[in-house]
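> when you get a sec, could you give me coordinates for this:
(chains A and B)
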Amino acid sequence: GEDVEQSLFLSVREGDSSVINCTYTDSSSTYLYWYKQEPGAGLQLLTYIFSNMDMKQDQRLTVLLNKKDKHLSLRIADTQTGDSAIYFCAERRGAGGFKTIFGAGTRLFVKA
Amino acid sequence: DAGVTQSPTHLIKTRGQHVTLRCSPISGHKSVSWYQQVLGQGPQFIFQYYEKEERGRGNFPDRFSARQFPNYSSELNVNALLLGDSALYLCASSMDPQGASGAFFGQGTRLTVV
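Alright, predicted model coming up:
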């Protein structure tokens, strides 16, 4: 993706926590998102955070935003085999016309 | 309610031809965006339309164009197809142009250019 960076792979054991990290470059981005893509499927919105928030929790998902460092993370508690998928970080830019920029995705492997 | 629907699901075209891809947003959603996803990469933003007007454009050549109709459905057109245009084309809809609550994606159209 254009200037949104993620690590490519993450492997965890079932029941452990997963932390997927992302860095973005546009400080004017208003919303940041996490999407999930399973094989052969479209993208599913998992959660989002507004740029004036530091943290958002939604059941097993916790999003942390460090706006100073332009760093976003997604923590999945009690990771299950069904969480195996590709996770995309995305930022919503408003300057010069709306566009959503995605990272290349982090492939999460969950070992039973 | 139906989600975002795209047609066709798969398409094979020859270099130099043109293609039209179609998208119907979720009922009540007025914003439609188009993305290109090449295998192994994240989606690349192509266009966003809201209320029939273009609100955002990505770094794609003029061979790519789109429009939105009064019923908020949308078409993506690609002219003079190149082999490199082979990809999964995703459509996403949202209620507002700012994308405050994220977007809902269709299953995509897989385009193969031979």
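> for B:Trp76, which residues make a bridge with it?
Rather than Trp, residue B:76 is Leu. On the basis of DSSP bridges, B:Leu76 is bridged to B:Leu21, B:Ala66.
> how close does it sit to chain A?
Distance, B:Leu76 to chain A, using CB to the nearest CB, to the nearest Å: 15 Å. (C-beta placed from N, C-alpha, C; glycine too.)
> so that residue touches B:Cys23, yeah?
Yes - when contacts are counted by CB atoms under 8 Å, B:Leu76 is listed as touching B:Cys23 (7.4 Å).
> who's more crowded, the two?
B:Cys23 (27 against 24; other CB atoms under 10 Å in any protein chain shown).
> can you list phi and psi of the more buried one for me?
phi -150, psi 130 (degrees, to the nearest 10).
> before we move on, back to that, mutual contacts of B:Leu76 and B:Cys23, please.
Shared contacts of B:Leu76 and B:Cys23 (CB atoms under 8 Å, 6 or more residues apart in numbering or on different chains): B:Trp34, B:Cys91.
> okay, and the helix or strand of the chain with the least pLDDT?
No chain specified, so I'll use chain A. strand A:99-102 (a mean of 88; mean pLDDT, DSSP states H and E).
> switch to chain B, that's the one I care about
Result, chain B / mean pLDDT, DSSP H and E: strand B:53-57, a mean of 90.
> show me the shaky parts of chain A.
The model of chain A has pLDDT under 70 over residues A:1-2, A:95-97.
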